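Enquirer: sequence and predicted structure, then a few things I'm wondering about:
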Amino acid sequence: MEYTDKQKLDFKRQFAIIRRRQAAITVLPLFIILLCGAAIHNGLVLDKIPVSILALIIFFVSIGGVVLFFVNFRCPACKKFMMVGKATDKGLCPNCGIELR
């Protein structure tokens with residue numbers, strides 16, 4: 001499909017938003033998991049919060065991060081999931097080939 005210059009510019013803007021959101025989706029759950037892991041390892045909150053609760057938090061945050069990754073990382077043009085690889089590193093959608101950067 002052929003897109004207008006305005007549409008291509010909108011796709012690039014949308015992809016920039018997707019990348020920023022993707023960074024938050026990656027960093028925030030990782031921070032929470034590391035924080036809970038440190039609490040379990042060092043016994044910081046074990047007298048107040050059971051280890052099983054912290055383990056459940058780690059589990060659900062991990063699953064949530066993976067789900068959000070698959071929901072968020074989609075091409076703004078074709079709406080298909082973009083597997084991270086050579087095409088996305090070059091700023092192209094591996095499915096439709098639209099330039100995203």
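Expert: Arrived safely.
Enquirer: what is the least confident helix or strand in the protein?
Expert: helix 86-89 (a mean of 68; mean pLDDT, DSSP states H and E).
Enquirer: other SSEs contacting the helix or strand containing G37?
Expert: When elements are assigned from DSSP states H and E, G37 belongs to helix 5-42. Judged by 3 or more Cβ pairs under 8 Å, 6 or more residues apart in numbering; DSSP states H and E, the packing partners of helix 5-42 are helix 51-72. C-betas here are computed from N, CA, C, even on glycine.
Enquirer: contacts for the helix it packs on next, please.
Expert: In this structure, residues lying in contact with helix 51-72 by Cβ atoms under 8 Å, 6 or more residues apart in numbering are 18, 21-22, 25-26, 29-30, 32-33, 36-37, 39-40, 45, 81.
Enquirer: that helix vs helix 5-42, what angle?
Expert: Comparing the axes of helix 51-72 and helix 5-42 via axes from the mean of the first three to the mean of the last three Cα atoms, to 10 degrees yields an angle of 170 degrees.
Enquirer: list the buried residues in helix 51-72.
Expert: Using 16 or more other Cβ atoms under 10 Å as the burial criterion, the residues of helix 51-72 that qualify are L54, I57, I58, V61, G65, L68.
Enquirer: got it, and stretch 80-96?
Expert: M82, T88, L92, C93, P94, N95.
Enquirer: okay but the first one is in contact with C96, surely?
Expert: No. Counting by Cβ atoms under 8 Å, M82 stays clear of C96, with 9.7 Å between them.
Enquirer: what touches both of these two?
Expert: Once Cβ under 8 Å, 6+ apart is applied, the residues that M82 and C96 both contact turn out to be C75.
Enquirer: follow-up on the earlier one: for C75, state which of the contacts of helix 51-72 is nearest.
Expert: Distances from C75 to these, taken as Cβ to Cβ, are shortest for F81 (8.0 Å).
Enquirer: got the phi and psi for the closest one?
Expert: Here the main-chain torsion angles of F81 (degrees, to the nearest 10) amount to phi -60, psi 140.
Enquirer: chain neighbours aside, what residue packs nearest to it?
Expert: Here the nearest residue to F81 in space, its sequence neighbours aside, is R74; by Cβ to Cβ, 6 or more residues apart in numbering that works out to 5.6 Å.
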